[in-house]
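[1] Next input, structure requested:
(4 chains)
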There are 2 protein chains.
Amino acid sequence: MPDRSGRPSAGEARGAGTVGKALAVLDQVAGYGRPVRFAEVQRDSPFPKATLYRLIQTLTSQGMLRLDPESGTYALGVRLVRLAHAAWHTTSLAPIARPHIDALSAELGETVHLAQLDHGQVLYVDKRNATVPVRMYSQAGKVGPAYCTGVGKAMMAFLPAPDLEDTIAQQSFHRFTPNTLTDRASLLRDLAAIRDRGHAFDDEEHEAGIICLAVPILTDGRQVLGAISVTATSARRSLDELGELAPALRAAARKIATEASAWRFPDRAAEPLATTG
Amino acid sequence: MPDRSGRPSAGEARGAGTVGKALAVLDQVAGYGRPVRFAEVQRDSPFPKATLYRLIQTLTSQGMLRLDPESGTYALGVRLVRLAHAAWHTTSLAPIARPHIDALSAELGETVHLAQLDHGQVLYVDKRNATVPVRMYSQAGKVGPAYCTGVGKAMMAFLPAPDLEDTIAQQSFHRFTPNTLTDRASLLRDLAAIRDRGHAFDDEEHEAGIICLAVPILTDGRQVLGAISVTATSARRSLDELGELAPALRAAARKIATEASAWRFPDRAAEPLATTG
DNA sequence: CTAGATGGTTCCATTATGTGAAACTTGGTT
DNA sequence: AACCAAGTTTCACATAATGGAACCATCTAG
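    Here you go, the predicted structure:
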């Protein structure tokens, strides 16, 4: 099984400075997805006991990790949740894109994804599911492969050459389904087609039975901000049918891009803090 | 105006080790809520230029910050979003509590908050507003004072003595309204009452016209996990009326606590990653 | 109740790392 | 050309991180 997690492995932290190591530990703890004991962390860590211990202590005292004294386990700390809020607003397209995604999802009646590119992997920052009420964070924050998803290919297709090189170099080309593009050449061919027609398809390349249509979110300067996609089951829709939704998707992407660009020089709106208790 | 931001001021980072400083910078950048230039950060930073420069470089190369080469501004990086997701799931009660909060909100038709205690301050991790569709992250992540909010007092009331000491020591006792408890003694008296009856009131102590009822979320071992509250305007409801909702709140808190406890020894559910595109 | 694990914490000489004043480059402005 | 501010690099120096080893618990087995 390939390493599908996009997070830097602990090995990459070598010689990366103290903060790099600390962050590697943080990532590692985050990776478990549950509280973990010190010993457990140590088992999977390249750092010697004492070093790891201090790193964890530092992170804990900084509020990035939290030690539950009862069970002696570490979990991610509240400071991270606070940062999460800020990250949401500052970095991601999600808050800007949200209303557009809502509208799209309502209009099309299908699942809609918003994604960004992160070190060669696709980071889903928001998701809207028309039928079921959204458990918002259930999907957002997850990462997936770029070479075999609609959003991934849509973004890659419009990357400047050097960035594209980087990104491709990071693809595992693992075959998930019979349709998965498993080599550089076929991917490049698909990317060219995507560039031509302006949207990407995922023809059950990642998961059998799941198809999707995706378009990139581009600034006027052609910078890739992210991508949005509609997903459906091949049982319910054909690729061609999905293709007909392209104009709607493209319109939404355009609006998001425009608003995102406007964000460039924001007039720091002093959103009043209201009605807490 | 008191410093209402819960984030550690840069000053606290003095002698805190390299990671502490780096995290202080991260917090600072997060605090702007928008992309910032290096010079701007430097202006508000206690660190000398070169040091700050390297710290920012480190954070950037680590993916915690992101430098937009076009505008020369720094924003929070994607790695943070990823960590945020994990933090949300691991550390906070939000994902567990969400359905219960939904139900509560629907049942009572009032605004419901879910909060946790963070270094003497209240961290709102989720919010449900019955009438308007929730813009989920708009409020979550915000921090507020503990001594004059329902959730804050509800949690403090059930803290072990030493922790309570710590927490009280961190209160500013700033008078927001005529009803604000502005000294240790009256706070302690209120906490005793809260302990007795099992729920806390906020009688316009933080914001005029806003009242609320809160109950703590406690484990069987009486550990404070968080608190939930219903908020109303004094125009629309009386404190007594709110008080009648206590059983419903308590029931929800109990359910949340039970589920949260179950999380203690999770059987690492291999949640399948579905329907992406 | 020992003997031996195993998980967690502390010491401390060594050295890698981070520090920051100052110098330098770049690009824009008068 | 002269100036100024933002951003970047340098380098002698000192702080802060390192990690091997020793040290405390608990806990388990004999």
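
[2] And the closest residue to A:Arg98 other than its chain neighbours, how close does it get to B:Ala97?
    Spatially, and ignoring its direct neighbours in sequence, A:Arg98 is nearest to A:Asp126 (6.6 Å; Cβ to Cβ, 6 or more residues apart in numbering or on different chains). Any C-beta I mention is one placed from the backbone N, CA and C, and that applies to glycine too. To B:Ala97, A:Asp126 is 21 Å away according to Cβ to Cβ, to the nearest Å.

[3] Over to A:Asp68?
    For A:Asp68 relative to B:Ala97 (Cβ to Cβ), the value is 18 Å.

[4] still on that earlier bit, where does the residue nearest to A:Arg98 fall, phi/psi-wise?
    Note on A:Asp126: backbone dihedrals following degrees, to the nearest 10 are phi -160, psi 160.

[5] So for stretch A:115-127, mean pLDDT?
    For stretch A:115-127, mean pLDDT is 85.

[6] To clarify, my last question referred to stretch A:88-108.
    On average, stretch A:88-108 scores 80.

[7] What of stretch A:65-72?
    82.

[8] anything in that stretch near DNA strand D?
    No. Using Cβ under 7 Å from any atom of the strand, stretch A:65-72 never reaches DNA strand D; the gap is at least 10.3 Å.

[9] With neighbour numbers in mind, choose between A:Asp68 and B:Ala97.
    Regarding A:Asp68 and B:Ala97, a neighbour count based on other Cβ atoms under 10 Å in any protein chain shown identifies B:Ala97 as having more, with 27 against 12.

[10] According to the record, where do the domains of chain A fall?
    A:10-81, A:91-262 (automatic domain parsing).

[11] Out of these, flag the one nearest B:Leu93.
    domain A:10-81 (10.5 Å; Cβ to Cβ).

[12] where's that closest one relative to the chain centroid, distance-wise?
    23 Å (Cα atoms, centre = their mean, to the nearest Å).

[13] Kindly report the same for stretch A:162-181.
    16 Å.

[14] Could you verify that A:Ser45 is part of a helix?
    No. Read with DSSP: H, G, I helix; E, B strand; the rest coil, A:Ser45 is coil and lies in no helix.

[15] any idea what sits nearest it, other than its immediate chain neighbours?
    Closest to A:Ser45 by Cβ to Cβ, 6+ apart is A:Leu52, at 5.3 Å.

[16] How many residues are close by the one you found?
    Counted with other Cβ under 10 Å, A:Leu52 comes out at 18.

[17] Please apply the same query to A:Leu26.
    Neighbours around A:Leu26, by other Cβ under 10 Å: 27.

[18] Over to A:Ala248?
    16.

[19] Identify each of the helices in chain A and give its residue range.
    A:17-32, A:38-43, A:49-61, A:78-90, A:94-108, A:150-157, A:161-169, A:184-197, A:239-243, A:246-262 (DSSP state H).

[20] For A:Ile168, the count of nearby residues, please.
    As a measure of burial, A:Ile168 has 18 neighbours, counting by other Cβ under 10 Å.

[21] Would you agree it is in contact with A:Asp190?
    No. Using Cβ atoms under 8 Å, A:Ile168 makes no contact with A:Asp190, being 11.9 Å away.

[22] How about the residues of the stretch 1-150 of chain A by DNA strand C?
    Contacts of the stretch 1-150 of chain A with DNA strand C, taken as Cβ under 7 Å from any atom of the strand, map to A:15, A:17-19, A:37-39, A:42, A:49-50, A:53-54, A:72.

[23] nearest to B:Ala262, of the helices of chain A?
    Using Cβ to Cβ, the helices of chain A put helix A:17-32 closest to B:Ala262, at 17.2 Å.

[24] Need the mean per-residue confidence for that closest one.
    The average pLDDT within helix A:17-32 is 89.

[25] Tell me the buried residues in it?
    A:17-32 (16 or more other Cβ atoms under 10 Å in any protein chain shown).

[26] now do stretch A:179-194
    Neighbour count says stretch A:179-194 has A:180-182, A:187, A:190-191, A:194 buried, by 16+ other Cβ under 10 Å.

[27] Could you dump those residues into TSV with pLDDT and distance to chain B added?
    Output for those, formatted as TSV (pLDDT from 0 to 100; distance: Cβ to the nearest Cβ, whole Å):
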residue	pLDDT	distance to chain B
A:Thr180	95	13
A:Leu181	96	15
A:Thr182	94	18
A:Leu187	96	17
A:Asp190	97	15
A:Leu191	97	17
A:Ile194	97	14
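
[28] Of these, which pair is most distant in space?
    A:Thr182 and A:Ile194 (17.5 Å).

[29] who touches stretch A:61-68?
    A:26, A:29, A:35, A:56, A:59-60, A:73-80, B:8, B:16, B:19-20, B:23, B:91, B:118-119 (Cβ atoms under 8 Å, 6 or more residues apart in numbering or on different chains).

[30] Now restrict these to buried residues only.
    Using 16+ other Cβ under 10 Å as the burial test, those include A:26, A:29, A:35, A:56, A:59, A:73-80, B:8, B:16, B:19-20, B:23, B:91, B:118-119 as buried.

[31] show me which of those neighbour DNA strand D.
    Near DNA strand D, judged by Cβ under 7 Å from any atom of the strand, the entries from these are B:Val19.

[32] tell me the contacts of the closest residue to A:Val19 other than its chain neighbours?
    The shortest distance from A:Val19 to any non-neighbouring residue, by Cβ to Cβ, 6+ apart, is to B:Ala22 (4.4 Å). The contact partners of B:Ala22, taken as Cβ under 8 Å, 6+ apart, are A:19, B:55, B:58-59.

[33] between the residues you listed, which is nearest B:Ala252?
    Nearest to B:Ala252 among the contacts of B:Ala22, counting by Cβ to Cβ, is B:Leu59 at 39.6 Å.

[34] Which residue is the nearest non-sequential neighbour of the closest one?
    B:Leu65 (4.3 Å).

[35] With B:Val36 as the reference, measure out to that neighbour.
    Taken as Cβ to Cβ, the span from B:Leu65 to B:Val36 is 10 Å.

[36] Now the common contact residues for the two.
    Common neighbours of B:Leu65 and B:Val36 (Cβ under 8 Å, 6+ apart) are B:29, B:74-75.

[37] Tell me the pLDDT of the closest residue to DNA strand D within the stretch 1-150 of chain A.
    The nearest approach of the stretch 1-150 of chain A to DNA strand D comes at A:Ala50, 3.1 Å away (Cβ to the nearest atom of the strand). Here, the pLDDT recorded for A:Ala50 equals 90.
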